[in-house]
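> structure of the sequence below:
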Amino acid sequence: MFENNRIEFWACDCIKEPEYMYSVDGEYETTLIEFWKNYNRFPLKVIHNFVREMDDLDNDDKVYRYQIDEVHSIDELNSILDDVGWKLTLDDFFITNSSKEIRFKKLDRDILKGKVSAQYPIFELGPSDTLTEVILHGYSFLVGTNDTNLSTKEQVKKIVLS
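Numbering: from 1, shown residues only. Alright, predicted model coming up:
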């Protein structure tokens, strides 16, 4: 695990930078689920694109727009990840316990086909809110938090490994 308050999210922004930032490596999907299960701060918002099947990857409208699912338990989070967890490999996958509105701005993204208009999420984290962003094809995730219970690398490790 790497701790550095200068880490930046890859595919989103926060209105105000989180107090604490960490990069967590782990097993595909498992470490992310363990983090949220042991952290136990529900409800959560799961932000992911509209892709449901591999064929949808050809549809720019589904790939570059986001939907927000709200979950109230680890079982609901597991259910979403059972259904769409393979999308962790696409990296644009976020989970937060913030109750604040998630905003989106439009950005032009360069892809092989040329430029496409893509949504870019902007989060607002309250005093004890946390945001995770999946990176490196689902084998790592970034944690940005204002929660003092996650103010040290040791505290985050304890939650991940509990």
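
> this protein: helices as residue ranges?
All helices of the chain, identified by DSSP state H, fall at 30-39, 60-63, 74-84, 153-161.

> got the buried residues for the shortest one?
With burial defined by 16 or more other C-beta atoms under 10 Å, the residues of helix 60-63 counted as buried are 62-63. Where you see a C-beta, it was placed from the backbone N, CA and C, and this is true even at glycine.

> tell me how far the nearest residue to residue 9 once chain neighbours are set aside lies from residue 72.
Of all residues beyond its chain neighbours, the one nearest residue 9 is residue 133 (5.1 Å), with distances taken as C-beta to C-beta, 6 or more residues apart in numbering. Counting by C-beta to C-beta, to the nearest Å, the gap from residue 133 to residue 72 is 21 Å.

> same check on residue 158?
In this view, residue 158 and residue 72 are 24 Å apart by C-beta to C-beta.

> just residue 141 next, same as before
Separation of residue 141 from residue 72 (C-beta to C-beta): 21 Å.

> equivalent analysis for residue 99, please.
On the measure of C-beta to C-beta, residue 99 and residue 72 end up 13 Å apart.

> give me the most central residue, the protein.
Centroid check for the chain by C-alpha atoms, centre = their mean gives residue 94 as the closest residue, at 1.9 Å.

> which residue is the nearest non-sequential neighbour of it?
Closest to residue 94 by C-beta to C-beta, 6+ apart is residue 47, at 4.2 Å.

> alright, calling it a day.
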